[in-house]
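>>> Give the three-dimensional model of this entry:
(2 chains)
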Number of protein chains: 2
Amino acid sequence: MSPRQIEVSEPREVGITELVLRDGHQSLMATRMALEDMVDACADIDAAGYWSVECWGGATYDSCIRFLNEDPWVRLRTFRELLPNSRLQMLLRGQNLLGYRHYNDEVVDRFVDKSAENGMDVFRVFDAMNDPRNMAHAMAAVKKTGRHAQGTICYTISPVHDTEGYVKLAGQLLDMGADSIALKDMAALLKPQPAYDIVKGIKDAYGDVQINVHCHSTTGVTQVSLMKAIEAGADVVDASVSSMSLGPGHNPTESVVEMLEGTGYTTAVDLDRVLKVRDHFKKIRPKYAEFESKTLVNTNIFKSQIPGGMLSNMESQLRAQGAEARIDEVMRMVPVCRKDAGYPPLVTPSSQIVGTQAVFNVLMGDYKVMTGEFADMMLGYYGASPAERNAEIIEKAAAQAKKEPITQRPADLLAPEWHQLVSQASALPGYDGSEEDVLTYAMFPGVAPTFLANRAQGPKSVARTEAQMKAAAEGQANALAGPISYNITINGVSHSVAVEPA
Amino acid sequence: MSPRQIEVSEPREVGITELVLRDGHQSLMATRMALEDMVDACADIDAAGYWSVECWGGATYDSCIRFLNEDPWVRLRTFRELLPNSRLQMLLRGQNLLGYRHYNDEVVDRFVDKSAENGMDVFRVFDAMNDPRNMAHAMAAVKKTGRHAQGTICYTISPVHDTEGYVKLAGQLLDMGADSIALKDMAALLKPQPAYDIVKGIKDAYGDVQINVHCHSTTGVTQVSLMKAIEAGADVVDASVSSMSLGPGHNPTESVVEMLEGTGYTTAVDLDRVLKVRDHFKKIRPKYAEFESKTLVNTNIFKSQIPGGMLSNMESQLRAQGAEARIDEVMRMVPVCRKDAGYPPLVTPSSQIVGTQAVFNVLMGDYKVMTGEFADMMLGYYGASPAERNAEIIEKAAAQAKKEPITQRPADLLAPEWHQLVSQASALPGYDGSEEDVLTYAMFPGVAPTFLANRAQGPKSVARTEAQMKAAAEGQANALAGPISYNITINGVSHSVAVEPA
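Model prediction:
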């Protein structure tokens, strides 16, 4: 037996995208980190030599106005000011922007323009269905601003997903002008061999297109996947500084840099700076401990195909119905519903839509009751599915939702809405007359009114305070949070007692 | 530019050594896990298809008699009984056996014989100085029993260590009859490229010798190193089930198995069984939380060359002298002392010996006072160093210790001692007349008398009890660690009250 050979790309400099300011804390602590806990790290981040700094988009916009009373646009402008030498990067849900529905194209244009104007450089555009038509308009809008438009492949596993399909999707994204391709592995499903095959497939098919690889670390295999992706030619890989890494988060930045030593692949990253960033967030992380998951490594998803967040969601739905015991039935139902829906990737919002329908099917009988969202997905209102949908279920969906199935791009059905959004936003107390405020209203019409009304009160961190941290360290965190009243019986006599820290 | 190629070994089955019963808990929880917390996992471990199950040796012997009132030989026999289909594996410190000094060859023979007789199959024999002469007798003793003798390379980084040197050391181990070679990376220093180069170098030089690779995970790079080692031809890699992995521990077993899917490399591991093992230890781990380190990833060692355990040791020595502030000086002194000592790997006991001398140098002036151990190391009493030692310091050591430098194998200076050990052990209350008890006395003469006297009381777990776990979960664990002052209002009258455990 003679050794086989694999082709390894030429030695070269590999870029790193630092995730700590966005997906790092989104994945580890439910997007709760306040801007004030990030600003002191920015000088070191800016000088560390990253290819880009992801710092906005995803769930941060929602979290800013829902939990932190922070204006997301102020956050973006602050990063622009504090990171003058860095490419700022955001995650954008294609036609959904940062909200949870499809928007009319004009809203997409306005949102992208304002993001660029406020300082965004790199737009990573994705769609939960991997339907290129849901990314096309956002990509074109980015191109018009002259900024970097990154087309995204959401990686998933199913009987209809293979390397060839992903390479073809990359081609569609390049045809719409993508400046680079992101291979996005939001569920830590991407194993080393497919990482190598997909990256190499894209390079072989389309030449020297820039490929960025984004992996979560939950399954414990993806740092190896990053290595194999680099060997196959990946240009940039994503990582989060070690003190904000692992578990549902990402592979540690320092480790990704160090693993390349001697391989011929290098980075421009200054590790001394990265270690300062690490030390900063090492102090910050405990302040958000209550938002953290306890799971460090879990490979269950390779078998169940069900991401951790989706599982806990279904469990709480069952619990609300007193039906916790039926979780195994639901887990067997998920692949059925996913197949019926044409094997969408399971990522927000498709994971919730499929999971909730699986719960309904188990509790009430197969498709006896369909959620509005699942019916919409069956009818094409979220875009095309990777595979054919079940015709019988499409028929039921049409009957229940009283809607026709569609095949065109969903946003083509949307009437112009910008002027209406402006007039609705204008009526809100606290509206400052800016397009940014209109966009905030457009993204989250339910939350924006309260946020705009209270914005002047300034940011409200949900982190634990120094005093709370100290108390917790002393083991008294919950022992005496405030005055507590007891009825105490001493020697047969009842006393009303109030206790508080001295 | 055309893609370069690297040679990758033939597709084949890769073995896995499961570490959870020994190094897993040794690294994560200071070797404190009681046998009772392992027995219920043994049926699944035994059926999981591992190449071997590491379950004895290292610090477990010491911990059994020092902390757990467990007879280590009972532990070994229990594993033999509960793991009838598995190769049992142990870590043996060459001429040091499981103690902290060199033993006469007859003691080595007796220890190895008894270990084999009680059920041990695979002996991983190492020496902290990488001096083959310190491993030779133990290896020969293993060969005589017909069991598997694994010769070990301790991986370290220094100006005198390179691939060529490690390949040469492997050759010396093979010359003494090693059935396989272990590449032992106890400090998580082994990066992917040297992992590949060393394994390939050994295979190229000596043909199809079995190579086992053992990495810790502290620096976050070594799962990639395992992958590259496998590509270079490694036959077996070590891992610990995910619920007992990462941090100062090892890469997760499930992740190591999963990462190989589609690569052509396979394992014989039954993941369903591994997941049961995982679930078992997921419940056990919190019981030992107080022994755990908080560090998950730390790449500092690549720069400082100082393992985490060594650093905390030096810090506590400085603190005892009220000189915490001088840690930076000590960290600069460590490389000086290590160079003077001829660049020994920094692993127990060399790490403590070099670290303590560095502290002495900073506090009292360079080599003004030398520890007995450092003097011994300078004089050759721990074996040959990888490089020349500093002649001037050797002279000082000889003067201070009033000993001559030696060049022969240290154990050659030791007189027969078995009969003396037998007679000393025989005098101890609780001695049961077995050779195993003599060996326990020989390993730890300071601790054995108390252990033998109290052995009949049976194992004493240091794990938290169910009740303590429950209390901790309710936030009351440390709520009453000492007297706490409250202001308590009873029926409207305020009282100053102090509360402490009864």
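
>>> And A:Thr253, how far from A:Ser245?
From A:Thr253 across to A:Ser245, the span is 7 Å (C-beta to C-beta, to the nearest Å). In this view, the C-beta of every residue, glycine as well, is placed from N, C-alpha and C.

>>> meant to ask about A:Lys283
Distance check for A:Lys283 against A:Ser245: by C-beta to C-beta, it reads 15 Å.

>>> what about A:Gln193, which helix or strand?
For A:Gln193, the host element (DSSP states H and E) is helix A:192-206.

>>> Give me the packing partners of the helix or strand that that helix is followed by, helices and strands only.
Downstream of helix A:192-206, the first helix or strand assigned by DSSP H and E is strand A:210-215. The elements that strand A:210-215 packs onto, with contact taken as 3 or more C-beta pairs under 8 Å, 6 or more residues apart in numbering or on different chains; DSSP states H and E, are strand A:15-18, strand A:180-185, helix A:192-206, helix A:222-232, strand A:236-239.

>>> A:Lys283 and A:Ser245 - which one has more neighbours?
Taking other C-beta atoms under 10 Å in any protein chain shown, A:Lys283 and A:Ser245 do not tie; A:Ser245 has more neighbours (28 against 12).

>>> Now for that one: which residues touch it?
Counting by C-beta atoms under 8 Å, 6 or more residues apart in numbering or on different chains, A:Ser245 touches A:24, A:217, A:239, A:251-253, B:220, B:296-297.

>>> Sitting in helices, which of those do you find?
Taking DSSP state H as the definition of helices, these contribute A:Thr253.

>>> Now render the contacts of A:Ser245 as CSV, adding pLDDT, distance to B:Val369 and neighbour count.
Shown next, in CSV, are the contacts of A:Ser245 (pLDDT from 0 to 100; distance: C-beta to C-beta, whole Å; neighbours: other C-beta atoms under 10 Å in any protein chain shown):
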residue, pLDDT, distance to B:Val369, neighbour count
A:Gly24, 97, 48, 25
A:Ser217, 96, 47, 27
A:Ala239, 98, 46, 30
A:Asn251, 98, 45, 32
A:Pro252, 98, 40, 29
A:Thr253, 98, 42, 35
B:Gly220, 97, 38, 29
B:Leu296, 89, 38, 18
B:Val297, 93, 37, 23
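
>>> Strands of the stretch 351-500 of chain A, residue ranges please.
Along the stretch 351-500 of chain A, the stretches classed as strands by DSSP state E, counting those that start in this stretch are A:484-490, A:493-501.

>>> Now the stretch 101-250 of chain A against chain B: closest residue?
A:Gly220 (3.1 Å; C-beta to the nearest C-beta).

>>> contacting residues for that residue?
With C-beta under 8 Å, 6+ apart, A:Gly220 has these contacts: A:188, A:297, A:299, B:223, B:242, B:245, B:251-252, B:254-255, B:258.

>>> With distance to A:Gly49 as added columns, please give the residues you listed in CSV.
CSV is the format used below for those (distance: C-beta to C-beta, whole Å):
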residue, distance to A:Gly49
A:Ala188, 26
A:Val297, 30
A:Thr299, 34
B:Gln223, 25
B:Ser242, 33
B:Ser245, 31
B:Asn251, 28
B:Pro252, 31
B:Glu254, 35
B:Ser255, 30
B:Glu258, 33
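
>>> out of these, who's nearest B:Gly433?
B:Ser245 (41.5 Å; C-beta to C-beta).

>>> Could you find the closest non-adjacent residue to the residue nearest the centre of chain A?
By C-alpha atoms, centre = their mean, chain A has its centre lying nearest to A:Gly58, at 4.9 Å. With sequence-adjacent residues excluded and distances taken as C-beta to C-beta, 6 or more residues apart in numbering or on different chains, A:Gly58 is closest to A:Leu91, at 4.3 Å.

>>> Was I right to think the one you found contacts A:Tyr61?
No. A:Leu91 is beyond contact range of A:Tyr61, at 10.2 Å (criterion: C-beta atoms under 8 Å).

>>> Flag the shaky bits of the stretch 401-502 of chain A, pLDDT-wise.
Applying pLDDT under 70 to the stretch 401-502 of chain A flags the ranges A:474-493, A:495-502.

>>> Let's see that with 50 instead.
The stretch 401-502 of chain A contains residues with pLDDT under 50 at A:476-479.

>>> Show me where it has its helices.
Ranges of helices in the stretch 401-502 of chain A, per DSSP state H, counting those that start in this stretch, are A:418-426, A:435-443, A:448-454, A:466-473.

>>> can you tell which of those is closest to A:Ser304?
helix A:435-443 (32.2 Å).

>>> what does the closest one rub up against?
With contacts defined as C-beta under 8 Å, 6+ apart, helix A:435-443 is touched by A:61-62, A:65, A:71-73, A:97-99, A:103, A:107, A:110-111, A:114, A:118, A:417-418, A:421-422, A:424-425, A:428, A:431, A:448-449, A:451-452.

>>> Residue of the stretch 251-400 of chain A closest to chain B, please.
Proximity of the stretch 251-400 of chain A to chain B (C-beta to the nearest C-beta) peaks at A:Ser255, 3.0 Å away.

>>> residues in contact with that residue?
Here A:Ser255 is in contact with A:223, A:239, A:242, B:219-221, B:297, B:299 (C-beta under 8 Å, 6+ apart).

>>> Can you tell me which of those residues lies closest to B:Pro194?
Within the contacts of A:Ser255, proximity to B:Pro194 (C-beta to C-beta) peaks at B:Val221, which comes in at 10.8 Å.

>>> Please tell me I have it right and the closest one contacts A:Met259.
Yes. In this structure, B:Val221 is within contact of A:Met259 by C-beta under 8 Å, at 4.2 Å.

>>> on that earlier part again, kindly write the ChimeraX command that selects the buried subset of the contacts of helix A:435-443.
Buried members of these, defined by 16 or more other C-beta atoms under 10 Å in any protein chain shown, are picked up in ChimeraX with:
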select /A:61,62,65,71,72,73,97,98,99,103,107,110,111,114,118,418,421,422,424,425,428,431,448,449,451,452
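
>>> Tell me who's in contact with the residue nearest to A:Gly262 when sequence neighbours are not counted.
In space, and not counting its chain neighbours, A:Gly262 is closest to B:Gln193: 3.6 Å by C-beta to C-beta, 6+ apart. Contacts for B:Gln193 (C-beta under 8 Å, 6+ apart) come out as A:261-263, B:228.

>>> now do A:Phe451
Counting by C-beta under 8 Å, 6+ apart, A:Phe451 touches A:65-66, A:69, A:430, A:440, A:444.

>>> In contact with the residue lying closest to A:Leu88 once chain neighbours are set aside: list those residues for me.
Leaving aside its chain neighbours, A:Leu88 sits nearest to A:Asp121 (5.0 Å; criterion: C-beta to C-beta, 6+ apart). Counting by C-beta under 8 Å, 6+ apart, A:Asp121 touches A:52, A:87-89, A:147-148.

>>> next one: A:Pro84
A:Asp46.

>>> quick one: it from A:Gln357, how far?
47 Å.

>>> for A:Tyr431, same thing?
A:Tyr431 is 38 Å from A:Gln357, where distance means C-beta to C-beta.

>>> Please apply the same query to A:Pro132.
25 Å.

>>> of those two, who's got more company?
A:Gln357 (28 against 21).

>>> which one is that one nearest to, not counting chain neighbours?
Here the nearest residue to A:Gln357 in space, its sequence neighbours aside, is A:Phe374; by C-beta to C-beta, 6+ apart that works out to 4.1 Å.

>>> What is the burial count for that neighbour?
Neighbours of A:Phe374 (other C-beta under 10 Å): 29.
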